[in-house]
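Enquirer: Sequence and predicted structure below; questions after.
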Amino acid sequence: MPKKPWKAMKQLRKGVAGLLLAAGSSTRMQRPKQLLPVGGETLLGRSLKEALNSDLDTVVLVLGHKAKEIRRELGPLLSHPKVKIIENRYYRKGISSSIMAGLSEIEGSHDHVMILLADLPHIDSNLINLLLQKYLDSHLPIGAIKVKNRRSHPVIFSRELYPELYELRGDVGARALFERYDHKVCLVESESPYDDRDIDTPEDYAQFQRSLKK
């Protein structure tokens with residue numbers, strides 16, 4: 001069968017994929033923070049559910065440390081038609097390795113990718129949808145949520161930056177791309193109060209648990 005011309009292949013690409021990064025070993029937490037109990041569910045289950053309830057076309061869940069155990073705990077969520085699970089064998093090399101692993105799954109089918117961190121418990125479907133729409137309307141190649149005059153998560157990138165995402169190394173994410181293309185960034189302020197603190201230590205988790213009871 002002859003190969004389709006490049007233009008025809010390009011027309012098949014569409015929409016925005018989400019990469020939910022949950023491969024880390026939770027060294028500072030001293031136990032898998034993906035499985036921390038949060039109001040009758042796990043921290044990762046909460047993040048995954050919000051991503052799946054958003055307008056993202058598909059959600060690639062990137063696992064690594066304790067992947068089998070995490071799969072078991074997520075249960076029925078993994079049967080959702082929008083979710084795809086992959087395992088990053090190189091997760092010890094940092095967050096950049098998970099970005100590359102997830103990107104390899106969607107680069108041929110989606111023109112935009114939103115990167116979500118599983119340990120930010122206040123990212124919900126409304127915030128995801130707000131960033132998604134404002135970014136697409138801007139026609140800029142990069143987007144991010146803005147909190148108190150600074151860039152925060154989630155973040156989103158167009159296809160033109162996929163090659164540079166593949167060049168990332170270590171545990172610093174895509175910070176360098178925001179610095180390089182600061183004139184091409186769509187910053188979106190949340191329409192409601194948004195706490196962008198992550199859960200990294202037992203103290204962070206205890207504080208988050210207390211906030212749920214208020």
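Expert: Now that the structure is in, tell me what you want to look at.
Enquirer: So which residues of this protein form strands?
Expert: Remark: strands assigned in the chain by DSSP state E are 16-22, 37-38, 41-42, 58-63, 83-87, 112-117, 142-147, 150-158, 185-189.
Enquirer: neighbours of M100, just the number please.
Expert: 19 (other C-beta atoms under 10 Å). Placement of C-beta: from N, CA and C, glycine included.
Enquirer: so it sits right up against L165, yeah?
Expert: Yes. Taking contacts as C-beta atoms under 8 Å, M100 lies within contact range of L165: 7.1 Å.
Enquirer: got a list of what R28 touches?
Expert: By C-beta atoms under 8 Å, 6 or more residues apart in numbering, R28 lies in contact with 200-201.
Enquirer: Next, find the distance separating it from G39.
Expert: To G39, R28 is 22 Å away according to C-beta to C-beta, to the nearest Å.
Enquirer: ditto for H139
Expert: From H139 across to G39, the span is 38 Å (C-beta to C-beta).
Enquirer: Likewise for K184?
Expert: K184 is 38 Å from G39, where distance means C-beta to C-beta.
Enquirer: Tell me which of the two has more neighbours.
Expert: Neighbour count, other C-beta under 10 Å: between K184 and G39, K184 has more, with 17 against 10.
Enquirer: Now do the same contact list for the more buried one.
Expert: 140-142.
Enquirer: Identify the bridge partners of the residue nearest the centre of the chain.
Expert: The residue lying closest to the centre of the chain (C-alpha atoms, centre = their mean) is L116, at 1.8 Å. Following DSSP bridges, L116 is listed with bridge partners L20.
Enquirer: Contacts only, for it.
Expert: 18-21, 47, 51, 123, 128, 153-154.
Enquirer: of all those, which two lie farthest apart?
Expert: In the contacts of L116, two members sit farther apart than any others by C-beta to C-beta. They are L21 and I128, at 14.3 Å.
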